[in-house]
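**Q** starting from these lines, generate the structure:
(4 chains)
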There are 2 protein chains.
Amino acid sequence: MPRPREFDPDTVLHQAMLRFWERGYRATSVEDLVKATGVNPGSLYGAFPGGKHTLFMKSLERYTRLVVPRQLGELDEPGASVAELRGYFDGLVDGLTSPAGRQGCLLVNSAIENAAEDNEVATVVRHHFARLEGRMTRALATAVGRGDVRATLDPACAAKSLVASALGLMVVGKANPDRAVLTSIVDSAFAGLH
Amino acid sequence: MPRPREFDPDTVLHQAMLRFWERGYRATSVEDLVKATGVNPGSLYGAFPGGKHTLFMKSLERYTRLVVPRQLGELDEPGASVAELRGYFDGLVDGLTSPAGRQGCLLVNSAIENAAEDNEVATVVRHHFARLEGRMTRALATAVGRGDVRATLDPACAAKSLVASALGLMVVGKANPDRAVLTSIVDSAFAGLH
DNA sequence: CTTGTTTTTGAACGGTCGCTCATCTACCTT
DNA sequence: AAGGTAGATGAGCGACCGTTCAAAAACAAG
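**A** Prediction:
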């Protein structure tokens, strides 16, 4: 009966996510989203009731589902050890220093911009940080078992510290996207593991 | 000859700084500043040519001159060691978990919100991070000399790691202002020093 | 007191914000 | 082919944005 939708909501959402990632929530206007997606305001609000805020929350969700696993890479797999952990950090540095990746991490950006005044955002961000800590803890436990790090290392404790380092890395990267600087931070964070 | 100014520009700037600190640059409107300072737009632009952006840059400067030294506390003094370093981190946790301090750190917030698209901001932020690293390096060198930490510790290396941890701490604090969580992060960051 | 200089005042500017809705259009069903 | 339904369109809503400016006011100098 009805007229079918002419655009793919997933594609539209993806474009919106890229915009929020690059510029932040407040700095991204609905007009920006309209231009980026090629979908008129009316259709946008038809497909995403709740408007800009809904689009943003769905962008966060899409980010955790699509981008985060790619960032985690092999660290997401059960057998991961220090090498995969280091690979994750090196990936962050690559991202922050590449022209296309200066936007940093959408979840870190949102933690700073929105979490204090938007509980929904804070919840998503907390889950992400917990997930990250979980993966790191597992990798470090594997590493201790394999002798890849010193035997006295407490995986849970070191993971907490490394999560903080990763987040700090993305803060520094925003102001100073210099490979040497960022790499030396990663090296320093890993120095304590041996 | 001229009519004297009826308000103290420093007081006005301080109020503006508090607003930017609490809500960020974009989320703070000129009308907010007018209400917070009790100074009309015309007078505000008269005293601070360049308007909102000038007020923001001067707020950053005031923050580094007034708030940062208070945060650093004894860490700013030449004789500081691990105790003072730990004191700095404990102060951060106190701030992030107190109702009045959930705004985090203005410089970290600005790094995320503005540094990528505003080189002036990026420069101020970089200077702050460098200053922080310098103080930490000095304290750790003192600590190594005194035997307060393990003798094999590289002060410069550990300082880089701790700066990242401090910044990460403020990111986590925005989404999760929970004392137990934040303290465990600080404990973990310090575990590597012994 | 008069004059000259600067500040204060707040209305108002053009622009942009997020969002809505009347209208038109295209499709599916019968 | 006709009718019914839902999407597409984009002008335009009221609110707010950062900023300006003409007028009024307050002081210092003469």
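**Q** and the residue in chain A that DNA strand D sits nearest to, how many neighbours?
**A** As assessed by CB to the nearest atom of the strand, DNA strand D sits closest to A:G42 within chain A, at 2.1 Å. C-beta coordinates here come from the backbone N, C-alpha and C atoms, glycine included. For A:G42, the tally of surrounding residues (other CB atoms under 10 Å in any protein chain shown) stands at 9.
**Q** can you tell me the closest non-neighbouring residue to the residue nearest the centre of chain A?
**A** For chain A, the residue nearest the mean C-alpha position is A:C105 (4.2 Å; CA atoms, centre = their mean). Leaving aside its sequence neighbours, A:C105 sits nearest to A:M170 (CB to CB, 6 or more residues apart in numbering or on different chains; 5.1 Å).
**Q** next, count neighbours for that neighbour.
**A** 24.
**Q** thought it was touching A:V93?
**A** No: if you go by CB atoms under 8 Å, A:M170 and A:V93 don't touch, sitting 10.1 Å apart.
**Q** quick revisit: now the residue nearest to A:C105: which helix or strand?
**A** Assigned by DSSP states H and E, A:M170 falls within helix A:155-175.
**Q** rewinding a little: dump the residue contacts of the residue nearest to the centre of chain A.
**A** A:Q71, A:L92, A:M170 (CB atoms under 8 Å, 6 or more residues apart in numbering or on different chains).
**Q** per-residue pLDDT of it, please?
**A** Model confidence at A:C105, given as pLDDT, is 98.
**Q** check A:H194 too.
**A** So, for A:H194, pLDDT stands at 89.
**Q** mind checking the SS state of it?
**A** coil (DSSP: H, G, I helix; E, B strand; the rest coil).
**Q** list the contacts of it.
**A** A:V149, A:R150.
**Q** distance of it from A:D148?
**A** 9 Å (CB to CB, to the nearest Å).
**Q** same deal with A:E22?
**A** Distance from A:E22 to A:D148, by CB to CB: 37 Å.
**Q** next: A:S161.
**A** Distance of A:S161 to A:D148, computed by CB to CB: 17 Å.
**Q** who's more crowded, these two?
**A** A:S161 (28 against 17).
**Q** surely that one meets B:I185?
**A** Yes: between A:S161 and B:I185 there is a contact at 7.1 Å, judged by CB under 8 Å.
**Q** what touches both of those two?
**A** What both A:S161 and B:I185 touch, as defined by CB under 8 Å, 6+ apart, is the set B:S165.
**Q** show me what the lengthiest helix in chain A is packed up against.
**A** In chain A, with assignment by DSSP state H, the single longest helix is helix A:119-146. Using 3 or more CB pairs under 8 Å, 6 or more residues apart in numbering or on different chains; DSSP states H and E as the contact test, the elements touching helix A:119-146 are helix A:51-62, helix A:68-72, helix A:82-97, helix A:106-113, helix A:155-175, helix B:155-175.
**Q** and stretch A:179-194, what's buried?
**A** Neighbour counts using 16 or more other CB atoms under 10 Å in any protein chain shown place A:V181, A:L182, A:I185, A:V186, A:S188, A:A189, A:F190, A:G192, A:L193 of stretch A:179-194 among the buried residues.
**Q** name the residues of chain A found near DNA strand D, please.
**A** A:1-7, A:39-43, A:46-47 (CB under 7 Å from any atom of the strand).
**Q** highest neighbour count among the residues you listed?
**A** Neighbour counts for the residues of chain A next to DNA strand D (other CB under 10 Å) peak at A:V39, which has 23 neighbours.
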